[in-house]
Structures are given as structure tokens and as C-alpha cells.
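> Predicted coordinates and the sequence they were generated for:
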Amino acid sequence: MYSQNKTISRISSEHSLANMIALVVRKAFGLTVSSKLSLSSGAPRVYFSNHTSHIDFLLVWSALPKETRESTVAAAAADYWCKNKVRHWVASRIFDSVFIERTNIGRCNNPVAAIINELDSGRSVIIFPEGGRTEGPDVAELKSGLYHIARKRPEYELVPVYVHNANRVLPKGVSLPLPVMCSVTFGEPIHLLEDEDKRQFGRRARVEIEKCRVA
């Protein structure tokens with residue numbers, strides 16, 4: 001019983017810290033949020049976003065309402081977030097991220113399976129389907145992971161997201177974030193269409209992110 005109470009206390013403490021971080025992020029970067037759907041839905045979703053900075057996840061996650069944040073995790077690249085103990089602790093203990101492999105992928109470490117496990121457990125997942133950071137505001141061609149998630153679990157909503165200015169807050173090679181105004185735009189959910197192939201779906205999903213950019 002003592003061990004169980006200790007675990008509950010630790011989880012509560014980490015949730016409190018995470019919510020405090022979200023408040024600081026909103027204030028520090030003047031974060032504004034625009035959405036074409038209710039962000040308070042309790043149903044699991046996939047939020048798929050552009051990716052220009054390691055702070056992207058934090059901005060998307062902080063843009064969500066408190067009750068949604070507590071059931072939303074990020075798909076974190078294992079090669080970056082497991083590189084040292086500090087990064088791993090932040091990603092795993094504070095944000096409870098699901099670590100995914102980007103290289104040497106096999107049956108035992110398939111990132112799609114890991115994300116689907118999170119969705120099936122009732123949690124939403126934030127992913128960055130470009131597969132890596134881009135230099136500018138344009139959205140790069142999407143990798144196939146989002147398609148495979150949509151094909152295997154067509155019932156889950158796929159929500160396009162665009163993060164504005166994250167590349168100016170924490171560009172490549174910079175360790176400390178800069179106080180730049182940011183915004184996050186959530187678009188209308190999409191699903192895989194009947195007879196839509198991987199290439200067609202990827203193009204359409206990319207366009208949906210771009211729509212959020214100019215919304």
C-alpha cells in the first residue's frame with residue numbers, strides 16, 4: 001500500500017510540474033491557439049504536425065486544454081531523446097512520451113505499433129510525420145507512418161496541426177530558447193478515404209497541414 005501511494009504521489013507531482021511547464025510556455029512565447037474543432041474531446045486522436053524545432057511538441061502539447069494534455073503523449077525520437085539521462089528523464093517522466101525508432105526498424109520496435117498501442121489504451125498522440133526537422137516554413141513530404149496508422153485504425157481522428165515560429169524559438173545549433181511569439185493552429189480531422197493509396201493520402205495530409213499554416 002505504501003509503495004502504491006508513493007507511486008500515485010509521484011505521478012501527481014509530475015502532472016503538476018507538467019501543467020506548470022505548459023503555463024510557462026504559454027506565457028513565455030505568447031502562445032495563441034486557433035482550432036476548427038473542440039480540443040476538449042476525450043476520444044483518442046492523432047495530432048500530426050509540421051516539425052522545425054525540438055520545442056514543437058511542447059508548443060502543441062501546451063496549446064491543448066489541461067484535461068486533454070493529461071491524456072496526450074508525444075512520439076519522441078529515441079535517437080535524440082534517449083541520447084543522455086536528462087533528455088530521457090524529461091521525455092519519459094515529465095511528458096510520458098512514447099519512444100520510437102527512426103533507424104534499424106524491425107518487427108520488435110515498429111513505431112506504428114507503438115503509437116497504435118497508445119491510441120488503443122485511450123491516449124492521444126502527437127506525431128511529426130515529416131520524419132525530421134525542416135529548415136523553413138514549408139511542409140516537407142510526409143513519411144508513410146501516418147498512412148499505416150490510418151489504415152490499421154480508421155476509427156481514430158487524425159488532426160492536422162501547424163506550429164508557427166518554433167524554428168525561430170529554438171533553431172538548430174541553439175541550446176536556449178529565444179522569447180519569440182508563437183501560435184498553434186489545429187485543422188479539421190481527416191480519415192483515410194476508401195481506395196485512397198499511400199501516396200494520395202500522404203499528399204492530402206500534407207495539404208491539410210499547409211491549410212493550417214495559412215488559416
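Okay, I see it. Numbering: from 1, shown residues only.
> okay, CA-based contacts and neighbour counts for the rest of this
Noted.
> can you tell me how far the closest residue to residue 82 other than its chain neighbours sits from residue 97?
Once flanking residues are discounted, residue 82 sits nearest to residue 88: 4.8 Å by C-alpha to C-alpha, 6 or more residues apart in numbering. Note on residue 88: its distance to residue 97, by C-alpha to C-alpha, to the nearest Å, is 9 Å.
> With residue 41 instead?
Residue 41 is 20 Å from residue 97, by C-alpha to C-alpha.
> any idea which helix or strand comes after the helix or strand where residue 114 lies?
Take DSSP states H and E as the rule and residue 114 turns out to sit in helix 111-120. From helix 111-120 onward toward the C-terminus, using DSSP H and E, the following helix or strand is strand 124-127.
> Following that following strand in sequence, what is the next regular element?
helix 145-152.
> In that next one, which residues are buried?
For helix 145-152, the neighbour count (16 or more other C-alpha atoms under 10 Å) marks 145, 146, 147, 148, 149, 150, 151 as buried.
> Neighbours of the residue nearest to the fifth one when sequence neighbours are not counted, how many?
Taking C-alpha to C-alpha, 6+ apart as the measure, residue 149 lies nearest to residue 112, with 6.3 Å between them; neighbours along the chain are not counted. As a burial measure, residue 112 scores 17 neighbours (other C-alpha atoms under 10 Å).
> before we move on, what about residue 175?
Applying other C-alpha under 10 Å, we find 8 residues neighbouring residue 175.
> Quick check, pLDDT for it.
Residue 175 is assigned a pLDDT of 73 by the prediction.
> residues in contact with it?
If you count contacts by C-alpha atoms under 8 Å, 6 or more residues apart in numbering, residue 175 has none.
> List the beta-bridge partners for the residue most central in space within the chain.
The centroid of the chain falls nearest to residue 126 when counting by C-alpha atoms, centre = their mean (2.2 Å). On the basis of DSSP bridges, residue 126 is bridged to residue 47, residue 74.
> Next one: it relative to residue 191, how far apart?
Taking C-alpha to C-alpha as the measure, residue 126 falls 16 Å from residue 191.
> and what of residue 169?
For residue 169, the distance to residue 191 - C-alpha to C-alpha - is 32 Å.
> And these two? Which one has more around it.
residue 169 (22 against 17).
> for this protein, what helix or strand is lowest in average pLDDT?
helix 2-28 (a mean of 66; mean pLDDT, DSSP states H and E).
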